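Enquirer: Here is my input; please provide its structure:
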Amino acid sequence: MTRRLVLVRHGQTSWNALWKAQGHADISLDDTGRGQARAAAPYLAGMSPVGIWSSDLARARETAEIFAAAAGVPVVLDPRLREYDVGVRSGLTTAEFAERYPAEHAAWLVNDESLLVEGEESSAQVRERVLPALREILSGLEAEQTALVVMHGACLKVGLSAMLGWPREVAATVRGMENCAWAVLGENSANGDLRLVSYNETAAVGQHPSRAAGGDFASEDAVG
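Expert: From the prediction side, this is the model:
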C-alpha cells in the first residue's frame, strides 16, 4: 500500500445526542464528543499522519485540534469538507422533520432526492465540492504518506463513495459512521487504485446508546 486517506467523523455534539439535523449549524463538541476525540487520538496518531485536513465547522475543527495535539501535525481547514446544508431542517429532530415535512421525510427515508426541503443540498452538490477536496489532499501526499481528514457523517459517506467510484445507489446501502469513527482508503500498490481498507473503526468510548446498538441507517446520516 502507498498513500492513505483516513476519513474521520467528528465527535458527538449535544445535537447529535438529541438526533437533531446539524448541517451547517456551527455546533461545538459536547463532553462526550471531546472524550471520544481524546480516545481516538492515539490510534490515529499511531498512523503517523503528515497533516490533518478538516471541515471548518466547530465540531470538526475541535476534533481535528485534539488529533493534531496528539500527532504533532498542523490542521488545514477547508469549507468544502462541510456537512450537507440541510436548509430548514437544521435544528429539527427526525420526528420533527417527519411532522413538519411529511412528504420530504418520506422521500428521504427511501433515498429519493426528487423532493428536498428549502435550502437543502443534494448529494450531487455535496459531491461536487467534497470530491475535489479529497483528490487534492491525496495528490499532495508522497508515497507511503497518510492524511487524516475530519468530516461529517453524511458528507463523509458521499466523499468516500465518490473516491471509490461507487454509484449513489451503492453508497445508500452503507450504514452511517459512528461519531469519531474512521475509514481508511489506501492505494493498491500494484495499480494505484484506491480501495476501502477499513470502515467505521472506533475507540468505542462514550458512544450514543442507539448507535452502539445499531441505530437507524437514515437517522445516522441525518445528524451530521
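
Enquirer: going forward, measure contacts and count neighbours with C-alpha atoms only.
Expert: Will do.

Enquirer: Let me see the ranges of the helices in the protein.
Expert: 14-17, 31-45, 58-71, 94-100, 102-109, 123-139, 153-164, 168-171, 209-212, 217-222 (DSSP state H).

Enquirer: would you turn the ones you listed into JSON lines with distance to residue 83, mean neighbour count and mean pLDDT?
Expert: As requested, the helices of the chain are exported to JSON lines (distance: least, C-alpha to C-alpha, whole Å; neighbours: other C-alpha atoms under 10 Å; pLDDT from 0 to 100):
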{"stretch": "helix 14-17", "distance to residue 83": "13", "mean neighbour count": "18", "mean pLDDT": "96"}
{"stretch": "helix 31-45", "distance to residue 83": "17", "mean neighbour count": "21", "mean pLDDT": "96"}
{"stretch": "helix 58-71", "distance to residue 83": "10", "mean neighbour count": "23", "mean pLDDT": "98"}
{"stretch": "helix 94-100", "distance to residue 83": "17", "mean neighbour count": "15", "mean pLDDT": "96"}
{"stretch": "helix 102-109", "distance to residue 83": "16", "mean neighbour count": "16", "mean pLDDT": "96"}
{"stretch": "helix 123-139", "distance to residue 83": "8", "mean neighbour count": "16", "mean pLDDT": "97"}
{"stretch": "helix 153-164", "distance to residue 83": "5", "mean neighbour count": "23", "mean pLDDT": "96"}
{"stretch": "helix 168-171", "distance to residue 83": "16", "mean neighbour count": "12", "mean pLDDT": "86"}
{"stretch": "helix 209-212", "distance to residue 83": "19", "mean neighbour count": "12", "mean pLDDT": "38"}
{"stretch": "helix 217-222", "distance to residue 83": "10", "mean neighbour count": "20", "mean pLDDT": "40"}
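
Enquirer: With distance to residue 145 as added columns, please give those in CSV.
Expert: Output for the helices of the chain, formatted as CSV (distance: least, C-alpha to C-alpha, whole Å):
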stretch, distance to residue 145
helix 14-17, 32
helix 31-45, 13
helix 58-71, 14
helix 94-100, 40
helix 102-109, 38
helix 123-139, 9
helix 153-164, 17
helix 168-171, 27
helix 209-212, 32
helix 217-222, 30
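
Enquirer: Quick check: which of the ones you listed is nearest to residue 24?
Expert: With C-alpha to C-alpha as the criterion, residue 24 lies closest to helix 58-71 of the helices of the chain, at 9.9 Å.

Enquirer: hmm, back to that, out of the helices of the chain, which is closest to residue 23?
Expert: Short answer: helix 217-222, nearest of those by C-alpha to C-alpha, at 8.4 Å.
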